[in-house]
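Trainee: Fold the stuff below for me.
(one chain, ligands or ions: 2)
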Amino acid sequence: MTTATTTTTEAATTATSEATTAETAASTATFTADPATHRVLTGDRPTGLLHLGHYFGTLRNRVRLQNQGVEMFVVIADYQVITDRDIADRLAEHTENLVLDYLAAGLDPDRATIFAHSAVPALNQLLLPFLSLVSVAELNRNPTVKDEIAHSRQSAVNGLMFTYPVHQAADILFCKANLVPVGQDQLPHLEVARTVARRFNERYPHVDGGAVFPAPQALLSDAPLLLGTDGGKMSKSRGNAIPLGATEDETARAIRGARTDADRRIDYDPVNRPEVSGLLLLAALCQDRAPEEIAEEIGDRGAAALKRTVTDSVNEHLRPLRTRRAELATDRGHLRQVLRDGAERANAIADATLDEVRAVMGAI
Ligand code: ATP
Ligand code: MG
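Mentor: Ligands and ions are numbered 1, 2, ... in the order given. This is a model prediction of the structure:
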């Protein structure tokens with residue numbers, strides 16, 4: 001996979017996303033959720049440690065919404081692990097580590113339902129009627145799936161890879177969530193969830209004419225696509241991520257190895273200088289300042305000075321989270337209990353939704 005192809009595929013994703021953003025996505029800058037009318041579902045694949053892309057892309061938004069009083073569901077999408085690899089390697093460890101990162105970032109298991117979708121059978125059964133609502137051509141067109149296939153090291157693409165956006169619709173709709181804080185790569189999947197909800201409601205109305213499912217809306221943060229140390233989307237599976245749980249030394253090493261360019265003058269120009277701009281954005285998010293201002297301060301001191309600034313900013317910003325994380329890591333039993341409690345709550349809701357779905361479908 002060459003960098004040029006990656007960039008083109010990501011540009012295509014961006015173009016599609018921009019076309020759909022106005023209708024389907026709210027942005028954090030202007031959005032304040034009314035806790036009484038919103039229910040949130042978001043989640044992650046248990047494929048590795050959460051990183052700064054998750055944190056600034058969606059995790060901070062989840063914590064903010066939870067603290068505003070919005071009901072929160074967080075799915076650990078374990079079946080999605082086997083979309084682009086043969087087996088779910090070290091699944092229990094990755095799953096517990098996700099819970100650890102969530103709690104360290106401020107999710108509260110008394111207010112947020114945290115569960116693995118494999119532990120909720122009725123959720124997965126929704127996949128069958130939902131698959132009947134989308135065409136193969138629609139599944140084939142999904143730009144995020146295409147990008148993930150391009151990055152996967154599999155010799156053949158499996159059926160779960162093409163259908164996982166529909167599975168994700170089941171994750172969202174089983175609890176009738178209407179707000180989904182995500183990164184930009186998820187916008188095509190949100191379109192699938194909206195399509196599934198709309199077509200299901202049209203095909204199977206309640207006897208009173210009401211709709212079974214809401215149309216979920218994406219909530220994009222102000223960092224919907226954070227770049228990794230190689231200049232591509234920061235990703236658990238691409239070896240380009242800075243994990244939230246990394247030590248300060250590991251963080252410094254990863255940032256020191258980040259790709260930049262030969263121009264000593266540092267300026268914020270995401271189109272022409274994506275790598276340098278990605279690093280500036282990271283420092284800016286950590287310092288809660290504008291990237292242009294940080295670029296101005298560094299001036300013509302070059303990439304080494306930029307990397308020192310980014311390292312200090314990231315380590316300082318994450319210090320309280322990492323301290324909490326280390327404390328929580330001493331009690332793995334607690335992490336497993338959080339998952340059991342979450343699964344119990346999620347199962348009750350999924351059973352009720354499946355009963356409703358089967359009733360309107362004529363009890364299939
Ligand atoms: P993998 O490489 O295994 O797919 P990932 O890093 O892409 O992992 P996911 O678990 O697929 O992470 O994504 C979880 C959530 O985090 C999604 O809402 C996704 O949009 C968001 N997210 C992931 N990476 C980024 C990023 N670099 N910038 C912004 N948001 C991101
Ligand atoms: Mg991903």
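
Trainee: Which stretches in the stretch 201-350 of the chain count as strands?
Mentor: 217-220 (DSSP state E, counting those that start in this stretch).

Trainee: Give me every residue in it that's in contact range of ligand 1.
Mentor: By Cβ under 6 Å from any ligand atom, the residues of the stretch 201-350 of the chain that approach ligand 1 are 224-226, 233-237. No exception for glycine: its C-beta is placed from N, CA and C like everyone else's.

Trainee: And those residues, which is closest to residue 325?
Mentor: Nearest to residue 325 among those: residue 236, at 16.6 Å, using Cβ to Cβ.

Trainee: Am I right that the closest one is in contact with residue 47?
Mentor: Yes. At 4.9 Å, residue 236 and residue 47 qualify as touching, with contact defined as Cβ atoms under 8 Å.

Trainee: that older thread, which of the residues of the stretch 201-350 of the chain next to ligand 1 fall in helices?
Mentor: When helices are assigned by DSSP state H, not one member of these lies inside them.

Trainee: for these, which one is nearest residue 272?
Mentor: Using Cβ to Cβ, these come closest to residue 272 at residue 225, 16.6 Å.

Trainee: Tell me how many other residues crowd the residue nearest to the closest one when sequence neighbours are not counted.
Mentor: Closest residue to residue 225 apart from its sequence neighbours, by Cβ to Cβ, 6 or more residues apart in numbering: residue 184 at 4.5 Å. Residue neighbour count, defined by other Cβ atoms under 10 Å, stands at 24 for residue 184.

Trainee: helices or strands up against the one helix or strand residue 128 maps to?
Mentor: Using DSSP states H and E, residue 128 falls within helix 127-131. When contacts are defined as 3 or more Cβ pairs under 8 Å, 6 or more residues apart in numbering; DSSP states H and E, helix 127-131 packs onto helix 159-173, helix 187-203.

Trainee: Residue 327 is nearest to which of the ones you listed?
Mentor: helix 159-173 (30.0 Å).

Trainee: what's downstream of that closest one, the next helix or strand?
Mentor: strand 179-182.

Trainee: Mind listing residues that contact that following strand?
Mentor: 26, 33, 38-42, 57-58, 61-62, 65, 70, 172, 186, 190, 193, 216-221 (Cβ atoms under 8 Å, 6 or more residues apart in numbering).

Trainee: try it again with 7 Å
Mentor: 33, 38-42, 58, 61-62, 65, 172, 190, 216-219 (Cβ atoms under 7 Å, 6 or more residues apart in numbering).

Trainee: What mean pLDDT does that strand get?
Mentor: Averaging pLDDT along strand 179-182 gives 92.

Trainee: Please write out the alpha-carbon positions of it in PDB.
Mentor: Output of strand 179-182 as PDB, limited to C-alpha atoms (Å, rounded to 0.1, in the frame of the first residue of the first chain):
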ATOM      1  CA  LEU A 179     -26.700  10.500  18.800                       C
ATOM      2  CA  VAL A 180     -23.400   8.900  17.900                       C
ATOM      3  CA  PRO A 181     -20.100  10.700  18.800                       C
ATOM      4  CA  VAL A 182     -17.600   9.400  16.200                       C
END
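
Trainee: Report pLDDT for residue 296.
Mentor: Looking at residue 296, its pLDDT reads 98.

Trainee: actually residue 227, not the one I typed
Mentor: 95.

Trainee: State the number of residues packed around it.
Mentor: With other Cβ under 10 Å as criterion, residue 227 counts 24.

Trainee: quick one: contacts for it?
Mentor: Neighbours of residue 227 in contact, by Cβ under 7 Å, 6+ apart: 233-234, 274, 278.

Trainee: Please verify my assumption that residue 287 contacts residue 313.
Mentor: Yes. Between residue 287 and residue 313 there is a contact under Cβ atoms under 7 Å: 5.4 Å.

Trainee: between these two, which one's more packed in?
Mentor: residue 313 (21 against 17).

Trainee: My guess is the more buried one contacts residue 288. True?
Mentor: No. Counting by Cβ under 7 Å, residue 313 does not reach residue 288; the two are 10.0 Å apart.

Trainee: Give me the phi and psi angles of residue 74.
Mentor: phi -130, psi 120 (degrees, to the nearest 10).

Trainee: count of residues packed around the spatially closest residue to residue 223 that is not a sequence neighbour?
Mentor: Spatial nearest neighbour of residue 223, chain neighbours left out: residue 56 (3.9 Å); criterion: Cβ to Cβ, 6+ apart. A count of neighbours around residue 56, defined by other Cβ under 10 Å, yields 22.

Trainee: Tell me who's in contact with residue 56.
Mentor: Contacts of residue 56 were listed using Cβ under 7 Å, 6+ apart, and they are 221, 223, 226, 285.

Trainee: now, of the helices and strands packed on helix 127-131, which is deepest in the fold?
Mentor: For the helices and strands packed on helix 127-131, the largest average neighbour count (mean count of other Cβ atoms under 10 Å) is found in helix 159-173, namely a mean of 22.

Trainee: quick one: the residue lying closest to residue 84 once chain neighbours are set aside from residue 335, how far?
Mentor: Once flanking residues are discounted, residue 84 sits nearest to residue 152: 3.8 Å by Cβ to Cβ, 6+ apart. Noted for residue 152: a distance of 29 Å to residue 335, by Cβ to Cβ, to the nearest Å.
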